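1. Build the 3D model from these lines:
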Amino acid sequence: MRVIVDKIAKLLPVPKAAAFKLSSATSKGSTSVELTFSEEVDTTTGATAKNYSVKGAGGTPTLDVSKADVKGTTVIITTAAQTNDKEYTVTVSNVKSTTDAKALDPASITAKFKGTGE
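-> Okay, here's the model as predicted:
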């Protein structure tokens, strides 16, 4: 009986682990953007400011990212001053989750947000 169970188990598909994704980006002030991820973010890779880039529509202007603070599934990045109501795209690279140090799903490394200028 055990042999039959083992053979059946080998034939069944192995469920894939859920992908680690950037879920959303929301401006929280003229120099702050909240990034939400699908899993808890590794504090070392998540707190590295150079792992985030922010570009305006058409690729320019670029907003410098000077700081990144990790809080569970959220990262708050500090940017140069945003232009009110301008659309920006944030791109994340080299950030891992705390679950098995998973890398971000390549299909979900960007998110758009509207700038909140003063």
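2. Low-confidence regions, the chain specifically.
-> Counting by pLDDT under 70, the chain has low-confidence residues at 1-17, 118.
3. Where do the helices of it begin and end?
-> In the chain, helices defined by DSSP state H lie at 2-11, 43-46, listed in chain order.
4. Against which helices or strands is the last one packed?
-> It refers to helix 43-46. strand 65-71 (3 or more CB pairs under 8 Å, 6 or more residues apart in numbering; DSSP states H and E). Bear in mind the C-beta positions are built from the backbone N, C-alpha and C, glycine included.
5. List the buried residues of the strand it packs on.
-> 65, 68, 70 (16 or more other CB atoms under 10 Å).
6. Okay, and the beta partners of the second one?
-> It refers to Ala68. Ile77 (DSSP bridges).
7. which residue is nearest the middle of the chain?
-> Nearest residue to the geometric centre of the chain (CA atoms, centre = their mean): Leu22, 3.3 Å.
8. hang on, it packs against Ser93?
-> No: counting by CB atoms under 8 Å, Leu22 sits too far from Ser93 to count as a contact (10.6 Å).
9. Next, show the common contact partners of these two.
-> Any residue near both Leu22 and Ser93 by CB atoms under 8 Å, 6 or more residues apart in numbering counts here, and that gives 104, 109.
10. Count the residues that sit near Ala47.
-> Neighbourhood size, Ala47 [other CB atoms under 10 Å]: 15.
11. try the one 4 residues further on
-> Applying other CB under 10 Å, we find 19 residues neighbouring Asn51.
12. which ones are touching it?
-> Asn51 touches 45, 68, 92-95, counting by CB under 8 Å, 6+ apart.
13. ok, now Lys28?
-> For Lys28, the contacting residues are 34, 76, 116, by CB under 8 Å, 6+ apart.
14. Now do it against Asp69, distance only.
-> 12 Å (CB to CB, to the nearest Å).
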